[in-house]
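>>> Model the structure of this input:
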Amino acid sequence: MTEFIIELRDASVMQEDQAVLQNVTFGLGKGEFAYLVGRTGSGKSSLLKTLYADLPLTMGTGTVAGFSLPKLPTGKVPYLRRKLGIVFQDFQLLPDRTVAENLLFVLSAIGWKGKAQKQQRISDVLVRVGLAGAANRMPHRLSGGEQQRVVIARALLNEPVLLLADEPTGNLDPEVADSIMQLFGEINNSGTAVLMATHNYQLIEKYPHRVLTCKDGLLLDSAK
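Okay, the predicted model is just below:
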């Protein structure tokens, strides 16, 4: 039996009272990697937002990381998100803090205790994304690729079971995008499931995985 990290059944993905996707039924297994593709406005970002409970699931059923999405109480949303890593296209780093301070802010917000433990965790994730020497640098002193690596490090702080990435290579040149994809591959190989929205079909050809396509209000699955 596949253990699903994401499981949706007959779900409607809503955006401002409009269903952008209907009858969505799919599962993402533990440690699986899948791409999410489709034109701008086809529902990719709305589906991701539904999965991390930024948009409510009002029709159909769905679970993510063991949390039932319909009627998920607001107070439970932070606990769901602690199981997830979320990577955005726009880096959303705090510009007035160093890399380490950006990561420390998140650890403190999600309830980590102990200065030594926090510093060790920050060191561990920066090593993992290839930025061991960047802890004391300010975000504006980093390249776009380095900033995206900090964002991925931030997403890994709580050892997520699922990484949701919305166009993580969208603002990066091809060579940098390639290195970010290799990093996602390493994270996936260590057991974290990955669902990545992208427009970059060259990356999909180079690093083939299952493809979920948002088209005409439906979610089409290459695995079926």
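
>>> Could you use CA atoms for every contact and neighbour count after this?
Noted.

>>> so where's this protein shaky on pLDDT?
Scanning the chain for pLDDT under 70 picks out nothing.

>>> Name the SS class of the residue nearest the centre of it, please.
Nearest residue to the geometric centre of the chain (C-alpha atoms, centre = their mean): L164, 1.8 Å. Of the three states, L164 takes strand under DSSP: H, G, I helix; E, B strand; the rest coil.

>>> Against which helices or strands is the longest helix anywhere in the chain packed?
In the chain, assigned by DSSP state H, the helix with the most residues is helix 174-189. With contacts taken as 3 or more C-alpha pairs under 8 Å, 6 or more residues apart in numbering; DSSP states H and E, helix 174-189 sits against helix 144-156.

>>> Need the CA coordinates for the host helix or strand of L36. PDB is fine.
Here L36 sits within strand 33-37, counting by DSSP states H and E. This file holds the C-alpha atoms of strand 33-37, laid out as PDB (Å, rounded to 0.1, in the frame of the first residue of the first chain):
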ATOM      1  CA  PHE A  33       8.500  13.700  -7.000                       C
ATOM      2  CA  ALA A  34       5.900  15.200  -9.400                       C
ATOM      3  CA  TYR A  35       5.700  18.300 -11.500                       C
ATOM      4  CA  LEU A  36       2.700  20.600 -11.700                       C
ATOM      5  CA  VAL A  37       2.300  22.300 -15.100                       C
END
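
>>> got the contact list for the helix or strand just after it?
Counting by DSSP H and E, the next helix or strand C-terminal to strand 33-37 is helix 44-51. By C-alpha atoms under 8 Å, 6 or more residues apart in numbering, the surrounding residues in contact with helix 44-51 are 13-15, 20, 36-38, 55-57, 64, 69, 164, 166, 197, 214.

>>> where exactly do the strands run in this structure?
Applying DSSP state E to the chain gives strands spanning 4-15, 18-29, 33-37, 59-64, 67-68, 84-87, 162-166, 193-197, 210-215, 218-221.

>>> Report all helices and strands that the second one contacts.
Spelled out, that is strand 18-29. Against strand 18-29 (3+ C-alpha pairs under 8 Å, 6+ apart) you get strand 4-15, strand 218-221.

>>> wouldn't L156 be in contact with V87 here?
No - L156 lies out of contact with V87 (C-alpha atoms under 8 Å); the separation is 9.7 Å.

>>> Those two: which is more packed in?
L156 (27 against 24; other C-alpha atoms under 10 Å).

>>> In contact with that one: list those residues for me.
Contacts for L156 (C-alpha under 8 Å, 6+ apart) come out as 85, 125.

>>> What separation do you get for it and S190?
Using C-alpha to C-alpha, to the nearest Å, L156 is found at 12 Å from S190.

>>> Among the contacts of helix 44-51, which pair sits farthest apart?
Using C-alpha to C-alpha, these reach their maximum pairwise distance at G38 and L69, which is 23.5 Å.

>>> Look at these two and report which has more neighbours.
L69 (23 against 18).
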